[in-house]
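**Student:** sequence plus the predicted model coming up.
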Amino acid sequence: MCTIIWHHDYKEDIKLIPYTTEKLTDFSKKENQQAYIEALQKVQSELGKDYPLVIGGERITTHDKITSYNPAKKTEVVGTVSKANKELAEKAMQVADETFKTWSKVKPEVRADILFKAAAITRRRRHEMSAVMTLEAGKPWVEADADTAEAIDFMEYYARQMLELKDGKPVQSLPGEYNKFGYIPLGVGVIISPWNFPFAIMAGTAVAAVVTGNTILLKPASTTPIIAYKFIEILEEAGLPAGVVNYIPGPGGEVGDYLVDHPRTRFISFTGSRDVGLRINQRAAAVNEGQIWIKRVIAEMGGKDTIVVDKEADLELAAQSIVKSAFGFSGQKCSACSRAIIVEDVYDSVLDRVVELTKELTVGDPTDHNNFMATVIDENAFKKVTSYFEVAKEEGRIVAGGEADDSTGYFIQPTVVADVAPRARLMQEEIFGPIVAISKAKDFDEALEIANNTEYGLTGAVISTNRDHIEQAREDFFVGNLYFNRGCTGAIVGYQPFGGYNMSGTCSKAGGPDFLTLHMQSKSVSEKL
């Protein structure tokens, strides 16, 4: 269904319907199940296909390849993509730099129209895009469908935001003068996108830069490059001119560093780990020969997210929120609940229920829609996450899970660790896998104190029926996205702008009213009349 509805009469100009979030697919309906199965079959028929780089619209095939594997069947090749090097990165930079001269002059309305068109094409290919992520990223049906829906949301929302910003903001004019305040694009941006939301975040960061008049070099995660190529196809079909988006997957240590350091790079939009984000920020701060600007860094770098459970709370809601937020997509979300802090009065009751619910979760191949959870992304992730099992035995009690099997794919059982001290490693380090640490607090004040004791500040949730405690948390829980009486994952574009504090990044608030302005610079023009 196309959400672009135009009407025109003698009294009104053309109008666009208000933005609303894309509805998720109801997989309880047999026809939707069948449609997804057919999409999986289509994607499976393309296994092993080779994909080129795309620079200035030119398809370039290289000898060196990046191989994308199915994490649920670790020897199954989803596809291979050509690997960029410094020389090709330089070629892409020159193309993007030259294309910027024309793309930056294209009317915002035209740029927005391309996003609307891309959203419509994505709807038509919705299950195909989701199925790619099921195979390439190990995303269960519901998680993959939500990822695709969010990508559509970003296109629809940012297109509308650009239409609101295109004429600038009102300023005052003194008698005899005319003042105008508006926005202009920045230049060439480098988009470094993650594997955990390989469509939504990749597409969202790309189109935010494009609709604001910039050209970009898109370097997707090496574990999920194929979904990014599919998006390039959508942009081309939507009418995006060649050279605006250049697809150059490649190693971060070579291609990523080269582009971050490049004097013609104007901004870097990064989503990923704390350590890589800090490294990018540090490198971007250096002024290289020929550089005439301070580079802008837009970074989202992860979290150590907490659900606080008050003694006055819906305890079933608390347990459900912890389990769903901790183990959705195997805990591989920067917003995942990796720690829960429960006031001692209800600690045992909530913990027992969390364990019960965790043991009910189904874990298996994500192509089977009955499985709630599947794998972690690759061997490195498997080794890292499972290494915390020994830490868990030292720092607490493993009351559920604690087992893993990588014989066919990278499967880790959802793991609950009880009685963990507030400063323990399990409570401080971002594990990025299906492990949740549970800590006890003597009262609500102490629970908030523990919740704030990490270097991160992305998401958090409070389960409470006490209005005073809710208001206390509203003031004192230091996170960019705070939720009451629900889980701490699942921010919706245009409804809950997403981004955090401290080591969680630059609080760029993706999917919010300020995000596009990060990709532009303001210009004030005064004319004497």
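**Tutor:** Structure received.
**Student:** look up how far residue 192 lies from residue 97.
**Tutor:** Using C-beta to C-beta, to the nearest Å, one obtains 18 Å as the distance from residue 97 to residue 192. C-beta: built from backbone N, CA, C; applies to glycine.
**Student:** now do residue 133
**Tutor:** According to C-beta to C-beta, residue 133 stands 19 Å off from residue 192.
**Student:** would you state the strands of the stretch 401-529 of the chain in chain order?
**Tutor:** Taking DSSP state E, counting those that start in this stretch as the criterion, the stretch 401-529 of the chain carries its strands at 404-405, 411-412, 415-418, 435-441, 456-457, 459-463, 481-484, 501-502, 520-528.
**Student:** what are the boundaries of the helices in the stretch 101-250 of the chain?
**Tutor:** For the stretch 101-250 of the chain, the helices defined by DSSP state H, counting those that start in this stretch cover 108-124, 126-136, 141-165, 200-211, 225-237.
**Student:** what is the second one packed up against?
**Tutor:** Meaning helix 126-136. If contacts are counted by 3 or more C-beta pairs under 8 Å, 6 or more residues apart in numbering; DSSP states H and E, helix 126-136 sits against helix 30-44, strand 65-70, strand 73-82, helix 141-165, helix 225-237.
**Student:** how about stretch 127-144 as CSV, C-alpha atoms only?
**Tutor:** Provided in CSV are the C-alpha atoms of stretch 127-144 (Å, rounded to 0.1, in the frame of the first residue of the first chain):
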residue,chain,number,x,y,z
HIS,A,127,9.3,-9.7,2.4
GLU,A,128,12.3,-10.2,0.1
MET,A,129,14.3,-7.6,2.0
SER,A,130,13.3,-9.2,5.3
ALA,A,131,14.2,-12.6,4.0
VAL,A,132,17.7,-11.5,3.0
MET,A,133,18.2,-10.4,6.7
THR,A,134,16.8,-13.8,7.9
LEU,A,135,19.6,-15.5,6.0
GLU,A,136,22.3,-13.0,6.2
ALA,A,137,21.9,-11.6,9.7
GLY,A,138,20.1,-14.5,11.4
LYS,A,139,17.0,-12.4,12.0
PRO,A,140,13.8,-14.2,12.9
TRP,A,141,10.8,-13.3,10.9
VAL,A,142,9.3,-10.7,13.3
GLU,A,143,12.7,-9.0,13.9
ALA,A,144,13.5,-8.9,10.2
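**Student:** return the distance of that stretch from the chain's centre.
**Tutor:** Stretch 127-144 has its C-alpha centroid displaced from the chain centroid by 15 Å (C-alpha atoms, centre = their mean, to the nearest Å).
**Student:** so for it, mean pLDDT?
**Tutor:** In this model, stretch 127-144 has an average pLDDT of 98.
**Student:** kindly report the same for stretch 250-263.
**Tutor:** Computed over stretch 250-263, the average pLDDT equals 94.
**Student:** over to stretch 26-39?
**Tutor:** Mean pLDDT, computed over stretch 26-39, is 98.
**Student:** list the buried residues for stretch 80-88?
**Tutor:** 80-85, 88 (16 or more other C-beta atoms under 10 Å).
**Student:** would TSV of those with distance to residue 369 and pLDDT be doable?
**Tutor:** Formatted as TSV, those follow (distance: C-beta to C-beta, whole Å; pLDDT from 0 to 100):
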residue	distance to residue 369	pLDDT
80	28	98
81	28	98
82	33	98
83	34	98
84	36	98
85	40	97
88	40	98
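**Student:** can you lay out these as CSV showing distance to residue 56?
**Tutor:** Converted to CSV, the buried residues of stretch 80-88 look like this (distance: C-beta to C-beta, whole Å):
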residue, distance to residue 56
80, 22
81, 17
82, 15
83, 18
84, 13
85, 17
88, 11
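**Student:** going by distance to residue 254, which of these wins?
**Tutor:** Proximity of the buried residues of stretch 80-88 to residue 254 (C-beta to C-beta) peaks at residue 85, which lies at 6.5 Å.
**Student:** so residue 521 sits against residue 184, correct?
**Tutor:** Yes: look at residue 521 against residue 184 with C-beta atoms under 8 Å: they come within range, at 5.9 Å.
**Student:** ok, residue 97 and residue 192, which is more surrounded?
**Tutor:** Taking other C-beta atoms under 10 Å, residue 97 and residue 192 do not tie; residue 192 has more neighbours (25 against 17).
**Student:** ok, now which ones touch the more buried one?
**Tutor:** 219, 252, 256, 268-272, 280 (C-beta atoms under 8 Å, 6 or more residues apart in numbering).
**Student:** pLDDT check: weakest of the residues you listed?
**Tutor:** residue 252 (88).
**Student:** which residue packs closest to that residue, ignoring adjacent ones?
**Tutor:** residue 276 (7.1 Å; C-beta to C-beta, 6 or more residues apart in numbering).
**Student:** quick one: the one you found and residue 119, what's the gap?
**Tutor:** Counting by C-beta to C-beta, the gap from residue 276 to residue 119 is 30 Å.
**Student:** the more surrounded of those two?
**Tutor:** residue 119 (25 against 18).
**Student:** got a list of what the more buried one touches?
**Tutor:** With contacts defined as C-beta under 8 Å, 6+ apart, residue 119 is in contact with 3, 152, 155-156, 159.
**Student:** could those residues go into TSV alongside neighbour count, pLDDT and distance to residue 44?
**Tutor:** Converted to TSV, the contacts of residue 119 look like this (neighbours: other C-beta atoms under 10 Å; pLDDT from 0 to 100; distance: C-beta to C-beta, whole Å):
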residue	neighbour count	pLDDT	distance to residue 44
3	16	38	30
152	24	98	24
155	31	98	27
156	28	98	30
159	25	98	33
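**Student:** which one among those gets closest to residue 367?
**Tutor:** Nearest member of the contacts of residue 119 to residue 367, counting by C-beta to C-beta, is residue 152, at 22.7 Å.
**Student:** which residues touch the nearest residue to that closest one once chain neighbours are set aside?
**Tutor:** Excluding the flanking residues, the one nearest residue 152 by C-beta to C-beta, 6+ apart is residue 22, at 4.6 Å. Residue 22 is in contact with 149-150, 152-153, 156, counting by C-beta under 8 Å, 6+ apart.
**Student:** pull stretch 333-346 out as PDB, backbone CA atoms only.
**Tutor:** The C-alpha coordinates for stretch 333-346 follow below in PDB (Å, rounded to 0.1, in the frame of the first residue of the first chain):
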ATOM      1  CA  LYS A 333      20.700  -4.500  20.000                       C
ATOM      2  CA  CYS A 334      22.400  -1.500  21.400                       C
ATOM      3  CA  SER A 335      19.100  -0.900  23.300                       C
ATOM      4  CA  ALA A 336      18.900  -4.500  24.700                       C
ATOM      5  CA  CYS A 337      18.200  -5.000  28.400                       C
ATOM      6  CA  SER A 338      21.500  -6.500  29.500                       C
ATOM      7  CA  ARG A 339      20.900  -5.700  33.200                       C
ATOM      8  CA  ALA A 340      17.900  -5.600  35.400                       C
ATOM      9  CA  ILE A 341      17.800  -4.000  38.800                       C
ATOM     10  CA  ILE A 342      15.000  -5.200  41.100                       C
ATOM     11  CA  VAL A 343      14.000  -3.800  44.500                       C
ATOM     12  CA  GLU A 344      14.600  -6.500  47.100                       C
ATOM     13  CA  ASP A 345      10.900  -6.700  48.200                       C
ATOM     14  CA  VAL A 346      10.000  -8.300  44.800                       C
END
